[in-house]
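S.K.: Just a sequence and a predicted model for now, questions to come.
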Number of protein chains: 2
Amino acid sequence: MTAGSPHSPSSQAESFGDRLAGLVAARASQIVLGLDPDPGHLWPAALDAAGPAELLPAERAAQAVAGHCRLAIEAAGEECVAVKLQVACFERLGAPGWTALSEVAQSAREAGLLVIADAKRGDIGVTAAAYAQAFLGETPTPFGPVPGLGVDAMTVNPLLGVDSIEPLLAAARARGAGLLVLVRTSNPGAADVQELSLASSGTVSDAVAGMVAELGVPGIGPAGLSDVGAVVGATAPGRVAALRALMPQTIFLLPGVGPQGARVEDLAPAFSPGPAAGLIAASRGIVNAYEQAGGEPAAAARAEAARLRELAWSLRA
Amino acid sequence: MTAGSPHSPSSQAESFGDRLAGLVAARASQIVLGLDPDPGHLWPAALDAAGPAELLPAERAAQAVAGHCRLAIEAAGEECVAVKLQVACFERLGAPGWTALSEVAQSAREAGLLVIADAKRGDIGVTAAAYAQAFLGETPTPFGPVPGLGVDAMTVNPLLGVDSIEPLLAAARARGAGLLVLVRTSNPGAADVQELSLASSGTVSDAVAGMVAELGVPGIGPAGLSDVGAVVGATAPGRVAALRALMPQTIFLLPGVGPQGARVEDLAPAFSPGPAAGLIAASRGIVNAYEQAGGEPAAAARAEAARLRELAWSLRA
């Protein structure tokens, strides 16, 4: 973020799209390292971070999870532009898990990476404002302000409509952060609701795409990218192209490459507005690459992230 | 929950609908005490729970929030059948907030109340399974199992389709808990996506209602109520009646009474399958009743909960 007056962050903060475009160019990467740590499936070296046996299982597991994520960032972070932290995987460890989430976000920032909270939150306005405090801002209390996670972007569920997104967007925009709204997810069940055909025209996803494009217009900076992005599953490449037509200035976060079966080669339409218009999220495909490739987890993760980076970079318009 | 073999909870646990029906009858209440604590708007007596000034603001605020919720449960709990904990309001206080959430859930259980986590989670299957561990089950780790919050029900966002609900449902059903799926929310923006007209017939909400009814069939117990409930905003009473026709055995959680403007008197169709088929969620309307009614917060909260309880109880079929 550029230096701005602390009194008027909204008029001074560089927009999310501009920040992302700068970082994508500098790192020549559109890869997002997804971290969805399973305490039963960590890199062996991470178990050393668990701390002494006197601690509670939640505390030891959370420290091991944080250690695992730090190792993955050290190994593959240089090939990436951001991390995507799957909040569920930290939340299941309770309070120590939330501490680990905060620590991992800090490790990613120190590695020069943007931090995306994959939280998929969506709620009525007053509650959306509370989630905005949790992830993007801070909470005023009689005891002093409580800082939130301070992420650069978070995923948002749009089912509750525009008034559920606006409080999150206001908080994001004020600090040069962004939202990534679920438009068309990568799972097979996505079609159940998102691809229902509407009486007017198109599907639910198309209608949400229109909402996303419109909400993002005031946040478009010099790089031409909006601060309201879209989650578009890479598993349905035909939809990627169709949704790009409806959201020409929207950053697409593209999950589904790797174990879910999508291929980077099929995603060229995502990048048509520019190199930073498509972010390829890979989680288990990178972190668990050693199970396919053999060797040390760190070396395999770095090699797979580098392979994805080069493949995606070759597709840019 | 009835005593069951620890080895086969799914075949032994009393169903959520049966548990709820029994408790609604025993307490003659269909009122859900909503707790969405704002650290800047707590009952004055709760500030005494904040602990010493040496603690971090987040720790003091979380302890005050937990104290506030305990006081509200002590004051109004006897008039209610459940609490609904707004997860966002705890999450914004970080790790101490999560500890407070767990403590408040325990206080509610000790008061004989069911615990509903208003989490509105929804994610692809592997992540939904992680949320199920966080709220309904436990997480296996190399250091021992980490228990989740252990709630009786949680709210779920259906935008990602059936395969995003199934892992949560499996975890809920195994322990006699339930889900409450967002079908038609109480906010003005609900219409933006949920009430889009479909090419086939009805709206997105109607399609989700069909999904909810079908998913819940295997969980219908002797009381005739399914374990997949629906969140249906009390702010659109016409929709309550129409959705009841599509979901004849579904428990409705009805938010929107009080500051959002809905009236209990308009909700009779929700109760047509039986007294436990409609749960009226009131948060600020109860907890902040003293601001309208005057007097002590606790007395005003109890009086308002009693008023709502009697009003709703008079509507049962």
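M.R.: Received it, and whenever you're ready, just let me know what you need.

S.K.: Which SSE is immediately downstream of the longest helix along chain A?
M.R.: The residue-count maximum for a helix in chain A (DSSP state H) belongs to helix A:57-76. Using DSSP states H and E, the helix or strand that follows helix A:57-76 in sequence is strand A:82-86.

S.K.: Which neighbouring elements make contact with that next one?
M.R.: strand A:31-35, helix A:57-76, helix A:94-110, strand A:114-121 (3 or more C-beta pairs under 8 Å, 6 or more residues apart in numbering or on different chains; DSSP states H and E). Every C-beta, even on glycine, is put in place using the N, C-alpha and C of the backbone.

S.K.: mind listing what's buried in it?
M.R.: A:82-86 (16 or more other C-beta atoms under 10 Å in any protein chain shown).

S.K.: what angle separates that strand from helix A:57-76?
M.R.: 160 degrees (axes from the mean of the first three to the mean of the last three C-alpha atoms, to 10 degrees).

S.K.: Alpha carbons of strand A:82-86, as CSV, please.
M.R.: Below are the C-alpha coordinates for strand A:82-86, written out as CSV (Å, rounded to 0.1, in the frame of the first residue of the first chain):
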residue,chain,number,x,y,z
ALA,A,82,-0.3,-14.6,-2.7
VAL,A,83,-1.4,-17.2,-0.2
LYS,A,84,-4.9,-18.3,0.3
LEU,A,85,-5.6,-19.4,3.9
GLN,A,86,-8.6,-21.7,4.2
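
S.K.: if I pick A:Ala276, what's in contact with it?
M.R.: A:17, A:20-21, A:23-25, A:30, A:223, A:225, A:251 (C-beta atoms under 8 Å, 6 or more residues apart in numbering or on different chains).

S.K.: And the buried ones among the residues you listed, selectable in ChimeraX?
M.R.: Filtering the contacts of A:Ala276 down to the buried ones (16+ other C-beta under 10 Å) takes a single ChimeraX command:
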select /A:17,20,21,23,24,30,223,225,251
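
S.K.: Please list the members of the contacts of A:Ala276 that lie in strands.
M.R.: Using DSSP state E, the subset of these located in strands is empty.

S.K.: from the contacts of A:Ala276, which ones fall inside helices?
M.R.: By the criterion of DSSP H, membership of the contacts of A:Ala276 in helices covers A:17, A:20-21, A:23-25.

S.K.: Would you check how far apart the residue positioned nearest the centre of chain A and chain B are?
M.R.: For chain A, the residue nearest the mean C-alpha position is A:Ile116 (3.5 Å; C-alpha atoms, centre = their mean). Distance of A:Ile116 to chain B, computed by C-beta to the nearest C-beta, to the nearest Å: 14 Å.

S.K.: per-residue pLDDT, that residue?
M.R.: Confidence at A:Ile116, expressed as pLDDT, is 99.

S.K.: In this structure it contacts A:Val87, no?
M.R.: No - A:Ile116 is beyond contact range of A:Val87, at 10.4 Å (criterion: C-beta atoms under 8 Å).

S.K.: Return the helix or strand in chain A with minimum mean pLDDT.
M.R.: helix A:9-12 (a mean of 52; mean pLDDT, DSSP states H and E).

S.K.: and the buried residues of strand A:82-86 as JSON lines, adding distance to B:Gly233 and pLDDT?
M.R.: Shown next, in JSON lines, are the buried residues of strand A:82-86 (distance: C-beta to C-beta, whole Å; pLDDT from 0 to 100):
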{"residue": "A:Ala82", "distance to B:Gly233": "36", "pLDDT": "98"}
{"residue": "A:Val83", "distance to B:Gly233": "36", "pLDDT": "99"}
{"residue": "A:Lys84", "distance to B:Gly233": "32", "pLDDT": "98"}
{"residue": "A:Leu85", "distance to B:Gly233": "32", "pLDDT": "98"}
{"residue": "A:Gln86", "distance to B:Gly233": "30", "pLDDT": "98"}
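
S.K.: Tell me where chain A has helices.
M.R.: Remark: helices assigned in chain A by DSSP H are A:9-12, A:16-27, A:57-76, A:87-91, A:94-110, A:125-135, A:162-174, A:190-194, A:204-216, A:237-246, A:284-287, A:289-293, A:297-313.

S.K.: for those, which one sits closest to B:Pro145?
M.R.: helix A:57-76 (6.7 Å; C-beta to C-beta).

S.K.: other SSEs contacting that closest one?
M.R.: Against helix A:57-76 (3+ C-beta pairs under 8 Å, 6+ apart) you get strand A:31-35, strand A:82-86, helix A:87-91, helix A:94-110, helix A:284-287, helix A:297-313, strand B:146-147.

S.K.: Distance check, the closest residue to A:Pro37 other than its chain neighbours against A:Glu59.
M.R.: In this structure, A:Pro37 finds its nearest non-sequential neighbour in A:Val65, 4.4 Å apart by C-beta to C-beta, 6 or more residues apart in numbering or on different chains. Per C-beta to C-beta, to the nearest Å, A:Val65 is found 11 Å from A:Glu59.

S.K.: highest average neighbour count across the helices of chain A?
M.R.: helix A:87-91 (a mean of 27; mean count of other C-beta atoms under 10 Å in any protein chain shown).

S.K.: Which elements pack onto it?
M.R.: When contacts are defined as 3+ C-beta pairs under 8 Å, 6+ apart, helix A:87-91 packs onto helix A:57-76, helix A:94-110, strand A:114-121, helix B:125-135.

S.K.: Any chance of CSV for these, columns distance to A:Ala174?
M.R.: Output for the helices and strands packed on helix A:87-91, formatted as CSV (distance: least, C-beta to C-beta, whole Å):
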stretch, distance to A:Ala174
helix A:57-76, 27
helix A:94-110, 19
strand A:114-121, 17
helix B:125-135, 29
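
S.K.: circling back to that earlier point, which stretch among the helices of chain A comes nearest B:Ala236?
M.R.: helix A:162-174 (14.7 Å).

S.K.: Determine how far that closest one lies from the middle of the whole chain.
M.R.: Averaged C-alpha coordinates place helix A:162-174 at 17 Å from its chain's average position (C-alpha atoms, centre = their mean, to the nearest Å).

S.K.: again, but for stretch A:34-54
M.R.: 22 Å.

S.K.: pLDDT (mean, whole number) over that stretch?
M.R.: Averaging pLDDT along stretch A:34-54 yields 96.

S.K.: ok so, going back, now the two most distant members of the ones in helices among the contacts of A:Ala276.
M.R.: Pairwise over those, using C-beta to C-beta, the maximum falls at A:Gly17 and A:Ala25, 12.5 Å.

S.K.: before we move on, back to that, closest to A:Thr139 among the buried residues of strand A:82-86?
M.R.: Proximity of the buried residues of strand A:82-86 to A:Thr139 (C-beta to C-beta) peaks at A:Leu85, which lies at 19.8 Å.
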